[in-house]
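In: The following block contains a protein sequence and its predicted model.
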Amino acid sequence: MDFLENRRLLVRVANMYYEEGATQSDIAEAIGVSRSLVSKYLTKARELGIVEITIHDDYQQQHRTLERKLERLYGLREAFCIDTVGQEAAKKHLGEAASKYLLRVMKDDQIIGLSSGTTLSEIAKALNSPQIYPNATFIPMVGGMGDERVDIHANTLAARIGDTMQAKYELLHVPVMVDTKEAKEILMRQPSIKQKFEIAEKANIALVGIGGSPDYSTMVKTYLGKEYQNIKDDNSIVGDICYNFINKYGKPVNNLWNDRVLALDLEKLKKIPLVIGVASGLEKVDAIQAALIGDLIDVLITDEETGNALLQ
């Protein structure tokens, strides 16, 4: 078969498949060849440029360049940026984006660790899947008990998401922090508590928010009381992840809060195969950047304004 005749056949097959909607089996019967040969013809048509496939996704393309720059700069597995909107609306949109991402990557037999906070609460609200995950397990990676904002505590989120996904979930019955470092050490040795953290350490996926400096943390002020000012005045703190305060290098800060907080250790968080960080806002840029520099997250879900600031 000469070149022109071969090309004519490729064009015919391509037209039948892409323009007329014929199946490969229909084409094989029409031209008298095997279905596998039709598949090879279609591949050859793409290689020769007879067929060019264009994916039209204007919304996604809008942020694609920014996402690729963030991935290259910080060595991320993936960056996902949404439109910048008002602060409260941003959390809702981030929650929707993160819920879709989680459904894309999670499998039924996996363990998913959760931090807490308002952004993760929006993820829990947005999750909606026709598929069920009866063998998946959701587990808190941080403590959280009390009367204030129970709706954003990790236990509440684990139970809510577990129910939505028809999955299993574990509860961690400890407060965010205790009075002394010694009290923390005693609690962490308790078999029931130790077991929960051991499950969290084995997580396949971690879903975490990223907090800004203590100035923006009502939680810290509530728990520390008079000692809050000492934390607030510590200029080495840029934010927190899983309730651990970090410096600009993403390392835990040596202070009384970190000594007493009941949360997964950051070195153990880094060992989880896929850590998804969800956060936005210019007041959190330093904290997000620290988490990125410290290799604390593998995937970042944020908004356009915050993404651009991270490139500065």
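Out: Nice, I can see it.

In: Please identify the helix or strand for the residue nearest to the spatial centre of the chain.
Out: Of all residues in the chain, the one closest to the mean position by C-alpha atoms, centre = their mean is Ile276, 2.7 Å from it. Take DSSP states H and E as the rule and Ile276 turns out to sit in strand 274-278.

In: thinking again about what came up before, which strand residues bridge the closest residue to the residue nearest to the centre of the chain other than its chain neighbours?
Out: With sequence-adjacent residues excluded and distances taken as C-beta to C-beta, 6 or more residues apart in numbering, Ile276 is closest to Val299, at 4.6 Å. Backbone N, C-alpha and C define where each C-beta goes, glycine included. When assigned by DSSP bridges, Val299 has beta-bridge partners Glu78, Ile276.

In: re the thing from before, what's near enough to touch the residue nearest to the centre of the chain?
Out: Contacts for Ile276 were tallied using C-beta atoms under 8 Å, 6 or more residues apart in numbering; they are 98, 101-102, 205-208, 297-299, 301.

In: And for Lys271?
Out: Contacts of Lys271 (C-beta under 8 Å, 6+ apart): Glu201.

In: how close does it sit to Val208?
Out: Lys271 sits 14 Å away from Val208 when distances are taken as C-beta to C-beta, to the nearest Å.

In: tell me the domain ranges of the protein?
Out: 3-47, 58-311 (automatic domain parsing).

In: Just the mean pLDDT for the first one, thanks.
Out: Going back to what we said before, that points to domain 3-47. Here domain 3-47 scores 86 as its mean pLDDT.

In: Start the count at 12 instead of 1 going forward.
Out: Sure thing, new numbering starts at 12, so read that last one as domain 14-58.

In: which residues touch the lengthiest strand in the chain?
Out: Using DSSP state E to define each element, the chain has its longest strand at strand 216-222. For strand 216-222, contacts defined as C-beta under 8 Å, 6+ apart pick out 109, 113, 116-117, 121-131, 134, 152, 228, 250-253, 280, 283-290, 295, 298-299, 302, 308.

In: Parallel or antiparallel, list what pairs with it.
Out: Strand 216-222 has its sheet partners listed here by DSSP bridges as strand 122-125 (parallel), strand 250-252 (antiparallel), strand 285-289 (parallel).

In: Could you point out the helix or strand that follows the shortest one?
Out: Sequence order places strand 255-257 as the next helix or strand after strand 250-252, per DSSP H and E.

In: what sits up against that following strand?
Out: With C-beta under 8 Å, 6+ apart as the test, strand 255-257 has contacts from 225, 242, 248-251, 263-264, 266, 268-269, 272, 274, 276-277, 298, 301-302, 305, 307.

In: and which of the contacts of Ile287 is nearest Lys102?
Out: Of all the contacts of Ile287, Ala109 has the smallest distance to Lys102: 10.3 Å, by C-beta to C-beta.

In: check contacts around the closest one.
Out: Contacts of Ala109 were listed using C-beta under 8 Å, 6+ apart, and they are 130, 134, 137, 218, 287, 289, 312.
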